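Student: Pasting the sequence and the predicted coordinates here, then a few questions.
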Amino acid sequence: MNLDVIARVAEGKIQEGIEEGKFDNLPGKGKPVVIEEDSSTPPHIRIANRVLKNAGVAPEWIQIRQDILEEREVITALLGRLERESRARRERITSSDPADPYFQRCLAWHHKSRDEYLRRLKSVNTSILKFCMCAPQTADPFTPYSITREMQNYDERVAVPETAPPTTNEGQNRSGLLRLAALAKYQKSRKSQE
């Protein structure tokens, strides 16, 4: 059978139904048709999304998107807080002695904070990858963090002090805190070998 014939028969049946008033009491009559589904989404996912929507649950990609936005805000706030804490800790360092307990706590804090910041960046990048895998093509994409660039920014803003504060020995050569800590560890291991 030719498609034109089928189309004419279908059109005739629709016209008969209109004339007989079979379409008069349909729900949504006189209202615009709302097409909420993305035509690029596969049919089986559209069905799942419709079921989730009717149950009041957002599709996975929408939840991931919300999580990414929230985590980015947390990362921005975390960097600001760590920068303020780092500045305060550097101001309280009173000794350039790497064996000083407060000095060691500052180094441990810096290392732990840097690891936490890096972990959060990687977590967001993983969420962005998940988002890209399950979001429809029409969703606004996210740009993942450049880990190298973000960590350089972190190191500039939340830096371990390059020089220790002045001590009574004004002529003493001052090095960065990490270098002093490494030197102290080396000297300690050397003494234990003797």
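Tutor: That came through, no problem.
Student: Quick test: name the residue nearest the centre of the protein.
Tutor: Val124 (2.7 Å; CA atoms, centre = their mean).
Student: Find the nearest non-adjacent residue to that one, please.
Tutor: With CB to CB, 6 or more residues apart in numbering as the measure, Glu71 is the residue that lies nearest to Val124, at 5.0 Å, once sequence neighbours are left out. (C-beta placed from N, C-alpha, C; glycine too.)
Student: Whichever strand or helix holds that neighbour - what's its average pLDDT?
Tutor: Element membership for Glu71 (DSSP states H and E) is helix 60-92. Mean pLDDT, computed over helix 60-92, is 90.
Student: Which SSE is immediately downstream of it?
Tutor: helix 101-134.
Student: what angle sits between that next one and helix 60-92?
Tutor: If you take axes from the mean of the first three to the mean of the last three CA atoms, to 10 degrees, helix 101-134 sits at 160 degrees to helix 60-92.
Student: tell me what helix 101-134 is packed against?
Tutor: Contact here means 3 or more CB pairs under 8 Å, 6 or more residues apart in numbering; DSSP states H and E; on that basis helix 101-134 packs against helix 60-92, helix 147-157, helix 177-193.
Student: Which of those helices sits closest to Ala135?
Tutor: Closest of these to Ala135 is helix 60-92, at 4.0 Å (criterion: CB to CB).
Student: Taking helix 147-157 as reference, get the angle to the closest one.
Tutor: Using the same axes, to 10 degrees: helix 60-92 against helix 147-157 is 30 degrees.
Student: Counting by contacts, list what helix 60-92 packs against.
Tutor: By 3+ CB pairs under 8 Å, 6+ apart, helix 60-92 packs against helix 101-134, helix 147-157.
Student: The same query, at a cut-off of 6 Å, please.
Tutor: helix 101-134 (3 or more CB pairs under 6 Å, 6 or more residues apart in numbering; DSSP states H and E).
Student: Quick one: distance of the helix it packs on to the chain centre.
Tutor: Centroid separation between helix 101-134 and its chain, computed with CA atoms, centre = their mean, to the nearest Å, is 11 Å.
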